[in-house]
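Next come a sequence and a model predicted from it.
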There are 2 protein chains.
Amino acid sequence: MDDTMNYMIAEATKLASPSTTRAKVIAKKLRADILNGRLSPGTKLHLDELKNALGVSLSPLREGLSRLAAEGLVKVEDQRGFSVAPVSRRDFHEIIDLRSMLETKALRASIEQGDDVWEADLLATHHILSKLDDKRWKQPYFEQWEEKHRAFHSSLISASNSPLLLNFCQILVDMNHRYRRIFNLKNPPNRDIAREHRALMDAALNRDADKACSLLKEHIDRTARYIVKSMPE
Amino acid sequence: MDDTMNYMIAEATKLASPSTTRAKVIAKKLRADILNGRLSPGTKLHLDELKNALGVSLSPLREGLSRLAAEGLVKVEDQRGFSVAPVSRRDFHEIIDLRSMLETKALRASIEQGDDVWEADLLATHHILSKLDDKRWKQPYFEQWEEKHRAFHSSLISASNSPLLLNFCQILVDMNHRYRRIFNLKNPPNRDIAREHRALMDAALNRDADKACSLLKEHIDRTARYIVKSMPE
DNA sequence: TGTCAATATAAAATCGATTTTCCATAAATC
DNA sequence: GATTTATGGAAAATCGATTTTATATTGACA
């Protein structure tokens, strides 16, 4: 085996697993599948199937699934395995209620403590998002818009300097996101979301915490109403 | 092998694992060890040691540790293993802040929705706790008091009918509990905790949500101040 | 014909062994 | 002498095989 070969293998190894873990990769992939609805609520997650589909063995698979269970995206029942968490109106209302409360708290803290870098980051993520706004409902921009939308909301609260609070927010945002992707896919809503985001950013940059929080709350609630309308039962 | 033997084995098996899993048992035991400070913050959780100490193999051990990581009691670093979550003043303040907020929310909901069974349960857990109040600082009642104290606070919010909120509260209470056990062990505090609990219960039973919430908040904050005083640095 | 117990099967949970990764130490090169 | 580059050992991560558990099915008995 010559040097070139050695180099190639070294590079490949480095790229394939730079300090990451199978369990983490698995959790990430399955989380994405659950959040965007590819795996629908209630779906049984058969270990053998997943094992083969993902090309890993049971230990990291179970570990990945356990993490998702802790995030509330997967349900575990002893001796009966894993399944995608169910959905319900009740559950959704709870998510929205808590998310409003915690995310406005984080936003207020962020507005109080955010520095120049926070402002710059907020402007940047908003700019990226706004560029995608009119293409949102055209493939292949749908996924991109979703990603950037999350990034924008994330930077709003990123300066809150509270890891625990941000962790809870992240979990609730993920849960909220899942409902949106499952129930609100087809119809472009009859509202100017771009304007809402703009106003939100402006209030944040003007350090008007009260206004920013009430805008955020309204933003979350409005989306929630659209989703509830699309829910059966 | 005769029938008696068969029966005994069947019974033993039933008792040893009635629909529970190793991972769950491990998580429960380690959680208890971390919460009461037997495992101190930062302690490296060597897999081989734990494996031998607990008499299990790696898969369920990792799974149990992953669950604790999701609860914030254990820290995971890829390729570097598990360790008991560190503590800090900042972290503690965040815990208290969030706990006040979420637990008063749950208490309010509980007071609005609680039925006769809730009232009865609240009276019962309070009674049990009050019986232990004067023995609290004498062995072997210390652990018992702790357990019943948690049960009392738990039943206060148990009628809130919000699984997600209760789950967050549980996590925060556990975190709070750990700080109390680590930093506030020796000195009986100079305050009438029994009276505080009594007032809390009365306000809840009288359906005076505002009063109950402010009492609860004060109760949490007061304990927090005692803990902070005992913290070094 | 309905109920209960025994059995078969599929899936989850666990184990022991193997592989991979990291880190400390030593050797080597500039 | 300082910075890189090997090497060895310890620990984490993963694997494939085994054991345990739940459930569906069958057959015996009332």
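That came in fine, so what should we check first?

OK, contacts around the residue nearest to A:T104 when sequence neighbours are not counted?
Closest residue to A:T104 apart from its sequence neighbours, by Cβ to Cβ, 6 or more residues apart in numbering or on different chains: A:C213 at 4.2 Å. (Each C-beta comes from the backbone N, C-alpha and C, glycine too.) By Cβ atoms under 8 Å, 6 or more residues apart in numbering or on different chains, the contact set of A:C213 is A:104, A:107-108.

pLDDT score assigned to A:C213?
Here the pLDDT value assigned to A:C213 is 98.

do A:M5 as well
pLDDT at A:M5 comes out at 35.

Let me see the contact set for the residue positioned nearest the centre of chain A.
Centroid-nearest residue in chain A, with Cα atoms, centre = their mean: A:D174, separated by 4.0 Å. Residues near A:D174 by Cβ under 8 Å, 6+ apart: A:31, A:35, A:71, A:73.

coming back round to it: chain center to the strand or helix carrying the residue nearest to A:T104: distance?
Taking DSSP states H and E as the criterion, A:C213 maps to helix A:209-230. Remark: helix A:209-230 is offset 17 Å from the chain centroid, using Cα atoms, centre = their mean, to the nearest Å.

which of the residues in that helix are buried?
By 16 or more other Cβ atoms under 10 Å in any protein chain shown, the buried positions in helix A:209-230 come out as A:209, A:211-213, A:215-217, A:219-220, A:223-224, A:226-227.

Identify the residues contacting the residue in chain A positioned nearest to DNA strand C.
For chain A, the residue closest to DNA strand C is A:G81, as judged by Cβ to the nearest atom of the strand, at 3.0 Å. Counting by Cβ under 8 Å, 6+ apart, A:G81 touches A:44-47.

Kindly report the same for A:R38.
A:A32.

quick one: which of the contacts of A:G81 is nearest B:D116?
The closest of the contacts of A:G81 to B:D116 turns out to be A:K44 (Cβ to Cβ; 39.0 Å).

Next, that closest one: phi, psi?
When read as degrees, to the nearest 10, the backbone of A:K44 gives phi -70, psi 130.

Any idea what it is bridged to?
A:S83 (DSSP bridges).

I'd say it and A:S83 touch.
Yes. Here A:K44 reaches A:S83: they are 5.0 Å apart, a contact under Cβ atoms under 8 Å.

Between these two, which has more neighbouring residues?
Taking neighbours as other Cβ atoms under 10 Å in any protein chain shown, A:K44 and A:S83 compare with A:S83 leading, 19 against 11.

Enumerate the residues of chain A near DNA strand C.
A:13, A:16-17, A:19, A:44-48, A:58-59, A:62, A:76-82 (Cβ under 7 Å from any atom of the strand).

Just the buried residues of those.
A:45, A:59, A:62, A:76, A:82.

The third one contacts A:L47, correct?
Yes. In this structure A:R62 lies within contact range of A:L47 using Cβ under 8 Å: 7.3 Å.

sec struct for the nearest residue to A:R136 once chain neighbours are set aside, please.
Of all residues not flanking A:R136 in the chain, A:W145 sits nearest, at 4.4 Å (Cβ to Cβ, 6+ apart). Following DSSP: H, G, I helix; E, B strand; the rest coil, A:W145 is assigned to helix.

Around A:G42, how many other residues sit close by?
A:G42 is flanked by 11 other residues according to other Cβ under 10 Å.
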